[in-house]
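Q: Pasting the sequence and the predicted coordinates here, then a few questions.
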Amino acid sequence: MITNVRAVFSKPGTSAWLLKHELRLALRSLGNKRAWAFAAFFGIVWLLLHALVFFLFYALSKASDAGVSLPPYTMQIAGVMFWLLFTIVLSQTLAHAVEAFFSRGDLDLLLSSPLDAKVVLTIRALGIGFAAILFPALIALPFAHVGIITGRFPLASIYPSTVALALLAAAIGVWLTMLLVQLLGARRAKTATQVLGALIGAGFFLSSQLQNLLSRDTRAALSSWLLRESEVGGMFAPESILWWPGRAFLGEWMPMLTFVVATVIAFWLVVNLTYRRFVLSTQESQTAPGPSQALAGDARIKFASGTTWILLRKEWKLIARDPQVISQTLLQMLYMMPMVFLGISGKSFASLVVPSVVFIVAMLVGNLAWLTVAAEDAPDLVGSSPLALARVRFTKGIAAVVPALVLASPLFFYWLFTKPWYAFVLAFCAIGASINSAACHVLNPRKANRRELNKRGQAHPMSSIVELFSTFGWAGIAYAMMGTWWVLLIAIPVAAVGPIFSYGAGYEARRAGVIA
Amino acid sequence: MQTPDQNIALHIEKLAKQFDGKYAVNNLDLEIKAGEFHALLGPNGAGKTTTLRIVAGLVKPDLGSVHVLGHDIVTAPQAAKQLMAFLPDDPLLYGKLNAFEYLEFAAGLWAIDADTAANRATDLLKWLDLWDKANQRIEGYSRGMRQKLALAGALIHQPKLMILDEPLTGLDAHAARAVKDMLVDYVKQGNTIVLTTHILEIAERLAERISIIQRGKIVAQGTLDELREHAGRGAGQGAGAGGATLEDVFLNLTDTTADASLGASTGAASSASTSA
């Protein structure tokens, strides 16, 4: 049997063979370096998760024996959890779709082979779904394993339900990507898909924060409407079809069967309806030129002057034109928005808002500094120029700091006229934290690939941890300045760790004249 | 050690560089006069690119010295780099910039005045047939267009010494001819070019002198005739005959058995050098 399966997957040119190739790529996209160390680490965490689930089941069983019944709205909670998980998986699917459709660069090879384009799209979509579902599955599967071991056999439905979740996310992800391609063209769709993925990923968090913006009366009215709709016959009642996917995960066979069949049909429909668009769009993304305006033969061009200004302009243009950066920045800004509203609303816990904004600004600077310093696209050009590399790195650090501070400036100006102390603390700490984050990269230059922004921590985990630690230090300084002054005793040394570590760790690289 | 002077465009002495305990460049000596078109040939992995990257200031040597028009690349890198341009074999460009923006940046690195840079960029883009696409982002360029743009970037500050690693890779016949003509003109104006290539016909037709590098050392150096003679003497067979092509000579000199006969003899290299 195993030999037969192996034979099917190793026969070149078959769908199974292509699927094997796709899964291998999906696994490798998680990180190649120290793969065994990662596998061992996750293996241990996974075993611990099984133990945790085992104790959870044990506690539930004891509670049940003691006559404690399940809390009300259990089905609704399970259903909401499913949809929360779904948005995260869908967001991941869209990120993987951008990589698989626009960046990987192997579609020319695949589509010029005798393989049917529909098969190529099917397998690619499955690969996208698999990559997106991997981590949620690692969390969900221990429930199935422990359930089966402890005699809760219906929980085996977690297996088909997880596959169905991956299929649904892949189907919707592929459909949305192709829709954006149709509406905007391949080049713009790449950016739009990244942004949409970020919005969907932040959607649940943002909607959960909406209540902070509502008046007390509106909140009360909303709560009573939700309670009413959660009763029998309501939109959110336990028997509502909305919760069927969640119930499928809990082991109810009818919802599970329906969920699996529905997702298979959805996946089949998406592949069959979009594969032509897929072929056209991939060709377009490979061959279509970028935005261009024809020039007259005698047109005169004008260049900017000043080396520093030219360096800054180049870095900002590259940041502004990078869809991945835009989506990441947008995501960080979206996470900041509820806090901004809290800060403006003047509630008692607003003193936490300033440190949070400082933290997010510093994280943003960290990302941008990684891009400007480490992910230099043309190191040979910069390195062979007569500019001192220390100056180049310093300017790149400035290029990372300025946009983040500009994004935080509206809040600063608002507070300047309403709460000047908040404005002062924000300005002082945001500038300090930004310089700190940029310094971590400027002092410790390392070569990186721009496309790996999402997993920048994997290549140099120690540097990333120290940078994060230091950023917490600056958030702590901001918190201390909001009234809890003794925190400074801890926060200042913590904040200093980043630059000190980076200075030492980057000494050799700076001495060797590494640009980045 | 000789005192470097301005008439010597490139002076390399006892250069050595190791990677992971293996010599990429091993005790390499090379001197190229100002105004010379010099080709550096060698099999894959011979140390050509490492040598050029050291000359360009991108890699620090373990031992030895490199002087560019009298300036030491290690102790006075800014002065040396100001006079030189380096074009790698697979130039990495900024995909999200257009050609103007790229050239504006390249000129800015060498602190060229904005108006002068704009004029030169216009001329270069027109001459390299990139003007019509100059507003398009580089990510949409073909391999040949990228190569031409990188060349424009190397030329925009009008360097005295150009270090070109496989400059004609990816160019179509028209573009390759245009670039070859440009390089010849460039040398006629008194500038110096050091070029590596796998297309021996280019070296044969363009270079005044040729150095052959193998296992990190120069094993022969001179004009084509001198190399023919040298190869014939080293191998004791027909490669030294008057009709031998550079390919014959190259294969003969870089053949493993021939290498053994030339061996560690830098004398082999110097015999051609001195006679040159």
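A: Yep, it's here. As the structure is a prediction and not an experimental result, all values here were calculated from the model.
Q: center of chain B, which residue is that?
A: residue B:195 (2.6 Å; C-alpha atoms, centre = their mean).
Q: What sits closest to it if chain neighbours are left out?
A: residue B:164 (4.4 Å; C-beta to C-beta, 6 or more residues apart in numbering or on different chains). Backbone N, C-alpha and C define where each C-beta goes, glycine included.
Q: Phi and psi next, for residue B:217.
A: Dihedral pair for residue B:217: phi -130, psi 150, per degrees, to the nearest 10.
Q: Against residue B:41, how distant is it?
A: Shown here: residue B:217 relative to residue B:41, a distance of 13 Å by C-beta to C-beta, to the nearest Å.
Q: And residue B:83, by the same measure?
A: Going from residue B:83 to residue B:41 by C-beta to C-beta gives 25 Å.
Q: residue in the stretch 101-250 of chain A nearest to chain B?
A: Going by C-beta to the nearest C-beta, chain B is nearest to residue A:187 of the stretch 101-250 of chain A, at 8.8 Å.
Q: A helix includes that residue, no?
A: Yes - the assignment for residue A:187 is a helix, going by DSSP: H, G, I helix; E, B strand; the rest coil.
Q: What confidence value was assigned to it?
A: Residue A:187 is assigned a pLDDT of 72 by the prediction.
Q: Tell me which of residue B:83 and residue B:41 has more neighbours.
A: residue B:41 (26 against 20; other C-beta atoms under 10 Å in any protein chain shown).
Q: Name the nearest residue to the more buried one, sequence neighbours excluded.
A: Excluding the flanking residues, the one nearest residue B:41 by C-beta to C-beta, 6+ apart is residue B:212, at 5.1 Å.
Q: tell me which element the residue nearest to residue B:195 falls in.
A: Assigned by DSSP states H and E, residue B:164 belongs to strand B:161-165.
Q: what does the stretch 151-276 of chain B put close to chain A?
A: residue B:153 (C-beta under 8 Å from any C-beta of the partner chain).
Q: All the helices of the stretch 151-276 of chain B, residue numbers only.
A: All helices of the stretch 151-276 of chain B, identified by DSSP state H, counting those that start in this stretch, fall at B:173-188, B:200-206, B:224-235, B:246-254, B:256-262, B:266-275.
Q: if we can go back for a sec, could you measure from the residue of the stretch 101-250 of chain A closest to chain B over to residue A:180?
A: Taking C-beta to C-beta as the measure, residue A:187 falls 11 Å from residue A:180.
Q: still on that earlier bit, next up, the contacts around the residue nearest to residue B:41.
A: Residues counted as contacts of residue B:212 (C-beta atoms under 8 Å, 6 or more residues apart in numbering or on different chains) are B:41-42, B:218-221, B:227, B:250, B:253-254.
Q: Now do it, the pLDDT please.
A: Residue B:212 is given a pLDDT of 90.
Q: Same question for residue A:295.
A: Value for residue A:295, per-residue pLDDT: 63.
Q: what's the spacing between residue B:102 and residue B:186?
A: Remark: distance between residue B:102 and residue B:186 (C-beta to C-beta) = 21 Å.
Q: more neighbours, these two?
A: The neighbour comparison of residue B:102 against residue B:186 (other C-beta under 10 Å) goes to residue B:102, with 25 against 17.
Q: Was I right to think that one contacts residue B:93?
A: Yes - using C-beta atoms under 8 Å, residue B:102 makes contact with residue B:93 at a distance of 6.2 Å.
Q: Mind listing the shared neighbours of these two?
A: Residues touching both residue B:102 and residue B:93 (C-beta under 8 Å, 6+ apart) are B:138, B:149, B:153.
Q: A strand includes the second one, no?
A: What it means is residue B:149. No - counting by three-state DSSP, residue B:149 falls outside a strand, being helix.
Q: dump the residue contacts of it.
A: B:93, B:99, B:102-103, B:128, B:130, B:138, B:141.
Q: Filter those residues down to the ones in strands?
A: Using DSSP state E to define strands, no part of the contacts of residue B:149 is located there.
Q: Quick check: closest non-adjacent residue to residue A:148.
A: Residue A:148's closest residue in space is residue A:156 (C-beta to C-beta, 6+ apart), at 5.7 Å.
Q: Neighbours of the one you found, how many?
A: For residue A:156, using other C-beta under 10 Å, the count is 15.
Q: That one touches residue A:146, doesn't it?
A: No - judged on C-beta under 8 Å, residue A:156 makes no contact with residue A:146 at a distance of 11.4 Å.
Q: any shared contact partners between those two?
A: Counting by C-beta under 8 Å, 6+ apart, residue A:156 and residue A:146 have no contacts in common.
Q: so what are the domain limits for chain A?
A: Using automatic domain parsing, the domains assigned to chain A come out as A:2-33+A:70-287, A:307-511.
Q: Many thanks, have a good one.
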